[in-house]
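[1] quick one, fold the following:
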Amino acid sequence: MSAPEQAVTPTLSAAPAAAPRRRRLAGWWEHHRWSAFTSLARLASRPLGSLLTIAVMGLALALPLTFFLLLGNVQRLGATLGQTQAVNVFLATGQSAVQAQALATQIGTLAGVDTVRIKTPQQGLQELGAMQGFSTALDVLDDNPLPYVLQVLPGPQQDAPAVARLVSELRSLAGVAMVQDAGAWRQRLDALLAIGNRAVLVLASLLALAALLVVGNTVRVDIANRSQEIAVLVLLGASPRFVRRPYVYAGLWYGLLGGALAALLAAGVEWSLLGPARQLNHAYAGKLTLAGLPLWLLLGMPLATALLGWLAARLVSGWQLRRMP
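    Got it, this is the predicted structure:
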């Protein structure tokens with residue numbers, strides 16, 4: 001055998017083996033495409049039932065998105081209030097302006113302190129006089145009994161434990177009579193937000209399970225209605241994968257459309273809250289940073305629910321076909 005013949009022989013023997021694989025792959029891809037479009041056409045052929053299933057899924061999945069939106073903005077509100085909540089340091093009675101300034105300078109060097117403001121006794125008396133019911137009572141005072149007050153503003157990155165340590169350090173300073181802090185309020189808010197986070201996760205899990213059951217039951221009913229058609233396919237030699245493939249794609253379509261509806265509903269809720277959010281931000285002089293749902297969550301919702309619908313249809317269709325005689 002010559003050299004050219006030796007080079008040609010492997011190619012001629014490999015060609016017949018590769019051709020069947022290409023045909024099987026082409027047939028597999030063609031049936032997937034046919035199943036995807038056929039299942040979508042079946043959904044369109046019964047619009048009322050399909051819309052009801054998609055609407056139930058969309059409403060169920062929009063609830064955790066809405067709660068996530070509200071909880072996220074409550075967290076931002078709590079962070080803003082915590083950052084703007086000053087710690088009031090009341091000096092001992094008899095401290096002079098020079099002593100108050102020296103103590104303010106000392107506090108300003110402490111870790112975690114952003115700014116320190118001095119409120120004089122005269123300013124405190126004026127604030128009391130502006131309050132209803134105090135103006136006449138202050139007129140009978142011979143002198144000003146109020147002390148100097150230092151308003152200590154913690155840094156923006158200081159959390160509740162860090163502020164608590166700062167308050168403890170402020171109480172130990174000489175010349176300080178009392179330290180007034182809202183640390184307990186911040187701790188309660190953090191605890192409530194932690195409960196809210198856990199509640200949103202539990203609710204999302206339950207509603208995802210409900211959506212999975214809705215898709216599974218819809219696919220089960222569809223398979224039961226087409227039992228005779230499926231029996232004919234099995235007699236003709238169709239494999240279980242071939243038979244259940246259109247129903248699996250139906251579950252995928254249900255999940256995809258239900259997730260898209262949920263994202264649209266959540267975006268609608270976000271849009272309806274824009275007006276009150278602007279008013280609240282204006283009340284806090286623009287310091288309150290409210291935000292909507294992240295774009296990746298809105299775009300990823302249909303993909304996640306499509307996977308959920310595919311899983312539900314895959315499990316139910318396999319179980320249903322095994323029960324058929």
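
[2] what's the neighbour count on Arg198?
    Residues near Arg198, counting by other Cβ atoms under 10 Å, number 10. Bear in mind the C-beta positions are built from the backbone N, C-alpha and C, glycine included.

[3] what's the pLDDT at it?
    Among the per-residue scores, Arg198 shows a pLDDT of 87.

[4] can you pull the phi and psi angles for it?
    Arg198 adopts backbone torsions of phi -70, psi -40, taken as degrees, to the nearest 10.

[5] repeat that for Asn88.
    Reported as degrees, to the nearest 10, the phi and psi values for Asn88 are phi -90, psi 120.

[6] so in this protein, where's the weakest helix or strand by average pLDDT?
    Scoring the helices and strands of the chain by mean pLDDT, DSSP states H and E places helix 135-138 at the bottom, with a mean of 54.

[7] after it, which helix or strand is next?
    Downstream of helix 135-138, the next assigned helix or strand under DSSP states H and E is strand 149-154.

[8] that next one packs against which elements?
    Secondary-structure packing of strand 149-154 (3 or more Cβ pairs under 8 Å, 6 or more residues apart in numbering; DSSP states H and E): strand 87-91, helix 97-108, strand 113-119, helix 160-171.

[9] make CSV out of these and add mean pLDDT, distance to Gln228 and mean neighbour count.
    Formatted as CSV, the entries for the helices and strands packed on strand 149-154 read as follows, by pLDDT from 0 to 100; distance: least, Cβ to Cβ, whole Å; neighbours: other Cβ atoms under 10 Å:
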stretch, mean pLDDT, distance to Gln228, mean neighbour count
strand 87-91, 88, 77, 21
helix 97-108, 89, 84, 15
strand 113-119, 87, 76, 16
helix 160-171, 83, 66, 16
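
[10] out of those, which is closest to Ser272?
    Taking Cβ to Cβ as the criterion, helix 160-171 is the member of these that comes nearest to Ser272, at 32.5 Å.

[11] helices and strands around the closest one, which ones?
    Contact partners of helix 160-171 among helices and strands, from 3+ Cβ pairs under 8 Å, 6+ apart: strand 87-91, strand 149-154, strand 176-180, helix 183-225.

[12] the longest one to helix 160-171, inter-axis angle?
    Yep, that's helix 183-225 we're talking about. With axes from the mean of the first three to the mean of the last three Cα atoms, to 10 degrees defining the directions, helix 183-225 sits at 170 degrees from helix 160-171.

[13] now for helix 183-225, which elements pack on it?
    In terms of contacts (3+ Cβ pairs under 8 Å, 6+ apart), helix 183-225 is packed against helix 47-84, helix 160-171, helix 240-272, helix 295-323.

[14] so which of the ones you listed is nearest Ile223?
    Across these, Ile223 has its closest neighbour in helix 295-323 (4.7 Å, Cβ to Cβ).

[15] hmm, back to that, lowest average pLDDT across the helices and strands packed on helix 160-171?
    Looking across those, the weakest by mean pLDDT turns out to be helix 183-225, at a mean of 82.

[16] mind checking how far it is from the chain centre?
    12 Å (Cα atoms, centre = their mean, to the nearest Å).

[17] against which helices or strands is the following helix or strand past it packed?
    Beyond helix 183-225 in the direction of the C-terminus, DSSP H and E gives the next helix or strand as helix 227-235. Here helix 227-235 touches helix 240-272, going by 3+ Cβ pairs under 8 Å, 6+ apart.

[18] pLDDT weak spots in the protein?
    In the predicted model of the chain, residues 1-18, 78-85, 128-145, 156, 182-186, 284-288, 324-325 satisfy pLDDT under 70.

[19] domain boundaries for it, per the record?
    Taking automatic domain parsing as the reference, the chain has its domains at 34-80+188-323, 86-181.
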